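**Student:** any chance you can model this:
(chains A and B)
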Amino acid sequence: MTDVKVNLVSSQKLESMSAEEKISYILREVKQGEVLVLERGLTPQEQSQLIERTMESIDTDGKKHKFIGIEMEGYRDDGRPTWLQKVLGVIRPPRMTVIGPADKLKTIHKDNDVIQTIILGK
Amino acid sequence: MGFFGRLKAVFQSILGKKHVRIGIYGPPNAGKTTLANRIARDFSGDVVGSVSEIPHETRRAQRKDNVVIQNGASSLTIDIIDTPGIATKVDFHDFMEHGMNEEDSKRRAKEATEGVIEAIRWLDNVDGVILLMDSTRNPFTQVNVTIIGNLEARDLPVLIAANKIDLDGSTPATIKSAFSQHEVIPISALTGYNIDTLYEGMVKVFGKGRRK
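**Tutor:** Numbers count the residues shown, from 1 in each chain, chains lettered A, B, ... in the order given. Next comes the predicted model:
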């Protein structure tokens, strides 16, 4: 069994990055087999961009050290944006999120209050 | 979306639209194509695509235009976009477990990744979304959260359909609890159970103010 690094990433580090930088950083770390716990997660748009970039990165030809995608779980925002927030395009800060390689990080249970995961060392 | 685009979206949500493009979204195997076929068959006598137990059967967005949904005195003309299932991982070994050979599994995996990207990009080109969830599964998945978050950020109207209520272990109440700020309609796309309530909801949510 090999060790798996878990990196707790501060909100300050994430806020200093553009969306593109965040996604590139996350994918680079996860493809190296590391698990990230983001103090502040990604906005919905960033999440969908991350999924797109993940799909582009997936190895479908069956190499030995293949990348099959990510496991990502985070808490939802509380409630819907207000009318004024919609008009002004205000994006509320995302909440804590855990992201890792899909072959190592498995979600056991998730609800509004608890995210249970296991990390598989291979 | 700029300020005026957002303002337009808010006014459109109040005034209603005459003809809307509705995307059917959800994770793989939620029953999206079964629902698209059900809607198309009920109102135009046609089907949209083939269905399968193997995940990622739909790997390209499929559409059926000009479907007129009737609900009492109201009607709504929709273009249905049946989108590929959105996932965060695709492993060709999963397809081999369904009996596919390695070559076909790898091809399907490649096409599935492209389908996920296409589904996400369609979000910029729909007027509303039916988010389909399998009510026998835990709804608190990041795919569902990501889709809902994107719809809210774009201010797109959404109806959540809790599908497969004909199956044992179905718990649509869990979906209602997880996404209580949205309308959730329990259905069986396969048997048609409660499908009229979904049509009623579609006319109400996607065609505000639209009368025949």
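**Student:** so which residues on chain B come close to chain A?
**Tutor:** Contacts of chain B with chain A, taken as CB under 8 Å from any CB of the partner chain, map to B:1, B:3, B:6-7, B:9-10, B:86-92, B:102, B:106, B:109-110, B:113-114, B:116-117, B:120-121, B:123, B:138, B:140-142, B:145-146, B:148-150, B:152-153, B:155, B:178, B:181. (C-beta placed from N, C-alpha, C; glycine too.)
**Student:** buried subset of the residues you listed as a PyMOL selection?
**Tutor:** Restricted to buried positions by 16 or more other CB atoms under 10 Å in any protein chain shown, the PyMOL selection for those reads:
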select buried, chain B and resi 6+9+86+87+88+89+90+91+92+106+109+110+113+114+116+117+120+123+138+140+141+142+145+146+148+149+150+152+153+155+178
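**Student:** now, which of the residues of chain B next to chain A lie within helices?
**Tutor:** If you go by DSSP state H, the residues of chain B next to chain A have B:3, B:6-7, B:9-10, B:92, B:102, B:106, B:109-110, B:113-114, B:116-117, B:120-121, B:142, B:145-146, B:148-150, B:152-153, B:178 in helices.
**Student:** contacts for stretch B:49-64 next, please.
**Tutor:** Stretch B:49-64 is contacted from outside by B:28-29, B:31-34, B:36-37, B:39-40, B:44, B:46, B:48, B:79-85, B:87, B:90, B:94-95, B:98, B:100, B:108-109, B:111-112, B:114-115, B:118-119, B:122, using CB atoms under 8 Å, 6 or more residues apart in numbering or on different chains.
**Student:** narrow the residues you listed to those that are buried.
**Tutor:** For the contacts of stretch B:49-64, buried by 16+ other CB under 10 Å: B:28-29, B:31-34, B:36-37, B:39-40, B:48, B:79-85, B:87, B:90, B:94-95, B:100, B:108-109, B:112, B:114-115, B:118-119, B:122.
**Student:** so which of these belong to strands?
**Tutor:** Residues of the buried ones among the contacts of stretch B:49-64 located in strands (DSSP state E): B:79-82.
**Student:** export these to TSV and tack on pLDDT?
**Tutor:** TSV is the format used below for those (pLDDT from 0 to 100):
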residue	pLDDT
B:Asp79	95
B:Ile80	96
B:Ile81	96
B:Asp82	96
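**Student:** ok, so of the residues you listed, who is nearest A:Ile108?
**Tutor:** B:Asp82 (31.7 Å; CB to CB).
**Student:** wouldn't that closest one be in contact with B:Ala30 here?
**Tutor:** No - B:Asp82 lies out of contact with B:Ala30 (CB atoms under 8 Å); the separation is 11.4 Å.
**Student:** is any residue of stretch A:68-79 near chain B?
**Tutor:** Yes - Stretch A:68-79 comes into contact with chain B (CB under 8 Å from any CB), by way of A:68-74, A:76-77, A:79.
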